[in-house]
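Trainee: Just to be clear, the model below is a prediction. Sequence and coordinates:
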Amino acid sequence: MLRGLGDLEAEIMDRLWSWERPATVREVVDDLRQQRAVAYTTVTTVADILHTKGWLCRDKVGRAWVYRPACTREEYTARLMHQALETTPDRAGALLRFVDGISGEEASALLTALERVRSRGPRCAPRS
């Protein structure tokens, strides 16, 4: 089943990925409130859900939980791309349609990535 992040989950993850440091729910709430009203308890619940799903790690610091992403934004995106490819029996066709819709700059980045993979040789299959 293809599953991305919900709106608030994505906003929380985006902040933690951008900040590149652990943060408390209070810090996330204060930042979110600059754009919209959100309850502290709602953010706490969603951060706990993200932790349960394995997207966030947390450590107790004093009385507060401090959260950090369990993977990079790029790793998350790659997982979604792998999940999307698993939904079709024609992966080559899906990849062709994907490549047909990317920009020249994205195509160059893809070629660079493919060359890196080719030069490092065989390795174990990615985990899902």
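Mentor: Happy to help now that I have it.

Trainee: Which residue lies closest in space to residue 72, excluding its sequence neighbours?
Mentor: Spatial nearest neighbour of residue 72, chain neighbours left out: residue 17 (7.1 Å); criterion: CB to CB, 6 or more residues apart in numbering. Any C-beta I mention is one placed from the backbone N, CA and C, and that applies to glycine too.

Trainee: if I look at the most centrally placed residue in the chain, how far off is residue 32?
Mentor: For the chain, residue 76 is the residue whose C-alpha lies nearest the centre (CA atoms, centre = their mean; 3.2 Å). Residue 76 sits 19 Å away from residue 32, taking CB to CB, to the nearest Å as the criterion.

Trainee: Over to residue 55?
Mentor: Residue 55 is 17 Å from residue 32, by CB to CB.

Trainee: repeat for residue 90
Mentor: Separation of residue 90 from residue 32 (CB to CB): 41 Å.

Trainee: before we move on, the earlier item: on contacts alone, who are the packing partners of the helix or strand containing the residue nearest to the centre of the chain?
Mentor: Using DSSP states H and E, residue 76 sits within helix 73-85. Packed against helix 73-85 by the contact rule (3 or more CB pairs under 8 Å, 6 or more residues apart in numbering; DSSP states H and E) you find helix 7-19, helix 91-100.

Trainee: from the chain's centre, how far out does the longest one sit?
Mentor: Centroid separation between helix 7-19 and its chain, computed with CA atoms, centre = their mean, to the nearest Å, is 9 Å.

Trainee: Going forward, the N-terminal residue is numbered 9.
Mentor: Sure, I'll start numbering at 9, so the last one becomes helix 15-27.

Trainee: just checking, what packs against that helix?
Mentor: helix 33-40, helix 48-61, strand 72-77, helix 81-93.

Trainee: Low-confidence regions, this protein specifically.
Mentor: Applying pLDDT under 70 to the chain flags residues 9-11, 130-136.
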